[in-house]
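*Asks:* The sequence isn't on hand, but the structure is:
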Ligand SMILES: [Zn+2]
């Protein structure tokens, strides 16, 4: 059960176990399908053709390991106070994306992933690599979400409703 963070002004969204199971199954299926649809045919860093990609962490794994409990970290759902999605996520899925080859992930981000790099002021090179990781992660999410939500009639209807509602706000 998600924790209740009173500091957030978002009302908790809690659904019954049957609805939660349906939503979990739907999200899991649609996510996998969307990720397959937008899977690139080459590494986005080196450009080499690829059929599989490294499971890259946006945050260095050693950082996640230091805050994990039983191999899991809390998700945004925990902060929001909803049970629509899992309130914790396994380290192998936390903030990950698949757009670069294993060689690039190991070599290009070597300093970024090294605990010893963080004992001193971050070098411009590390800051640049953090920016690359964040951009790749956002790119992966955008590609997946576009495929996942862009063609689903039900989700388009929800999106259209939200767009209309938002535009009516005159903001
Ligand atoms: Zn590569």
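*Replies:* Great, that's in hand. This one's a predicted model, so the numbers in the text were calculated from it and none came from an experiment. Residues are numbered from 1 along each chain as shown.

*Asks:* what residue ranges in the protein are flagged as low confidence?
*Replies:* 1-10, 122, 151-152, 154-171 (pLDDT under 70).

*Asks:* Show me which residues of it are close to the ion?
*Replies:* Applying Cβ under 5 Å from the ion, one finds that the chain approaches the ion through 43, 45-46, 101, 104. Any C-beta I mention is one placed from the backbone N, CA and C, and that applies to glycine too.

*Asks:* how many other residues sit next to the residue lying closest to residue 111 once chain neighbours are set aside?
*Replies:* For residue 111, ignoring the flanking residues on the chain, the nearest one in space by Cβ to Cβ, 6 or more residues apart in numbering is residue 117 at 5.0 Å. Look at residue 117: counted by other Cβ atoms under 10 Å, it has 16 neighbours.

*Asks:* before we move on, what about residue 150?
*Replies:* The number of residues near residue 150, taken as other Cβ under 10 Å, comes to 11.

*Asks:* which one's the longest helix in the protein?
*Replies:* The longest helix of the chain (DSSP state H) is helix 124-150.

*Asks:* ok, back up a step: of the residues of the chain next to the ion, which is the most crowded?
*Replies:* Counting by other Cβ under 10 Å, top hit in the residues of the chain next to the ion: residue 101 with 23 neighbours.

*Asks:* How about the contacts made by it?
*Replies:* 43, 45-46, 48, 50, 53-54 (Cβ atoms under 8 Å, 6 or more residues apart in numbering).

*Asks:* How about stretch 39-58, which residues are buried there?
*Replies:* For stretch 39-58, a neighbour-count test (16 or more other Cβ atoms under 10 Å) marks 39, 43-45, 50, 53-54, 56-58 as buried.

*Asks:* Correction: the previous question concerned stretch 66-82.
*Replies:* 68, 72-75, 77-78, 80-82.

*Asks:* ok, residue 104 touching residue 47?
*Replies:* No: here residue 104 lies out of contact with residue 47, judged by Cβ atoms under 8 Å, at a distance of 9.8 Å.

*Asks:* Tell me the spacing between the residue nearest the centre of the chain and residue 144.
*Replies:* Computing the C-alpha centroid of the chain and ranking residues by Cα atoms, centre = their mean puts residue 95 first, at 4.6 Å. Plainly put, residue 95 is 14 Å away from residue 144 if you go by Cβ to Cβ, to the nearest Å.
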